[in-house]
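S.K.: Next comes the sequence, and after it the predicted model I'd like to discuss.
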Amino acid sequence: MDALQREFAAQAWRNAAERFVFGHVHMWFIQMLLGFYLLIPVARQLCAKKEAVQYYLILWVVFRYLIPLVTGTFHLDTLQARIDSLGLDVLVGNFGYFMLGYYLSVLDIRKEIRAVIYAMGIISVGLTAFLTVRECRASGFYAETWFSPASINILIMSTAIFLFFKYNSRLDNSRIKNASLWAKLSGYTFFIYMFHVFVIEKLNLVGITTVSFTPIVSIPVLTVFTFAVSLLGAFITDHIPVLKKMIMLH
């Protein structure tokens with residue numbers, strides 16, 4: 001029994017160390033950002049010329065979205081395997097979103113074109129829900145295919161959202177009501193994101209999930225509750241001097 005307890009304790013410590021180093025599952029994007037920052041010197045060279053950025057983004061869209069869409073639709077697995085063998089990992093990864101964000105931030109897009117992109121974004125939202133439900137029913141399992149950053153519907157939605165805020169956020173503080181409050185809340189967003197999964201997991205431990213009662217009610221109620229608790233945690237942490245510097249990065 002003692003040997004079993006020691007093995008259990010050792011495994012618990014290993015799990016704790018692994019969690020400390022790699023973080024929780026929802027922290028994947030932090031490690032990815034570290035990779036992005038390593039590539040910033042390369043990105044700066046690309047961004048020095050508009051044509052170079054455009055060339056990169058064209059290749060990214062073609063190899064990341066269009067070719068997989070065609071090969072997946074027509075089951076051209078051999079062709080896709082040949083393309084994968086090219087080893088274009090950086091090209092077809094999420095680094096393209098990083099570059100696309102910069103390109104959209106400096107590109108001036110006419111109002112008519114933006115309207116088309118917004119419409120496509122709205123359609124993509126509906127398609128994402130429809131295709132996800134259809135695939136889940138067909139497979140009998142939850143399918144994340146259409147929520148993947150590699151799905152073209154996510155690319156369209158991301159572009160539409162980015163442009164919407166770019167062209168609708170040019171307000172100075174004098175025209176925003178309670179600007180200091182919004183500034184304070186924006187400083188809490190990172191903590192809220194990091195903390196919200198902890199709240200969800202503790203609710204699950206006591207048997208409270210989105211399927212505990214009607215999802216139409218449970219999802220908005222649990223969303224508001226999780227946000228409120230996470231916001232309270234951020235507020236308390238922000239008023240503890242040591243934690244304020246270490247966790248809130250203030």
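M.R.: On my side now, so go ahead.
S.K.: How is this protein partitioned into domains?
M.R.: Domain ranges of the chain: 110-170, 174-246, per automatic domain parsing.
S.K.: Kindly provide the whole-number mean pLDDT of the longest one.
M.R.: Read that as domain 174-246. Mean pLDDT, computed over domain 174-246, is 88.
S.K.: all helices of this structure, in order?
M.R.: 2-22, 28-38, 40-47, 50-61, 67-73, 77-84, 89-92, 95-106, 111-139, 152-168, 179-205, 215-238, 241-246 (DSSP state H).
S.K.: mind putting those in JSON lines, distance to T145 included?
M.R.: Glycine gets a C-beta too; all of them are placed from N, C-alpha and C. JSON lines is the format used below for the helices of the chain (distance: least, C-beta to C-beta, whole Å):
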{"stretch": "helix 2-22", "distance to T145": "24"}
{"stretch": "helix 28-38", "distance to T145": "17"}
{"stretch": "helix 40-47", "distance to T145": "29"}
{"stretch": "helix 50-61", "distance to T145": "18"}
{"stretch": "helix 67-73", "distance to T145": "9"}
{"stretch": "helix 77-84", "distance to T145": "15"}
{"stretch": "helix 89-92", "distance to T145": "16"}
{"stretch": "helix 95-106", "distance to T145": "18"}
{"stretch": "helix 111-139", "distance to T145": "6"}
{"stretch": "helix 152-168", "distance to T145": "10"}
{"stretch": "helix 179-205", "distance to T145": "22"}
{"stretch": "helix 215-238", "distance to T145": "21"}
{"stretch": "helix 241-246", "distance to T145": "38"}
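S.K.: gap between D77 and I117?
M.R.: Here the criterion is C-beta to C-beta, to the nearest Å. By it, D77 lies 32 Å from I117.
S.K.: Have a look at those two and say which one is more surrounded.
M.R.: I117 (18 against 10; other C-beta atoms under 10 Å).
S.K.: wait, isn't the more buried one in contact with L163?
M.R.: Yes: taking contacts as C-beta atoms under 8 Å, I117 lies within contact range of L163: 6.0 Å.
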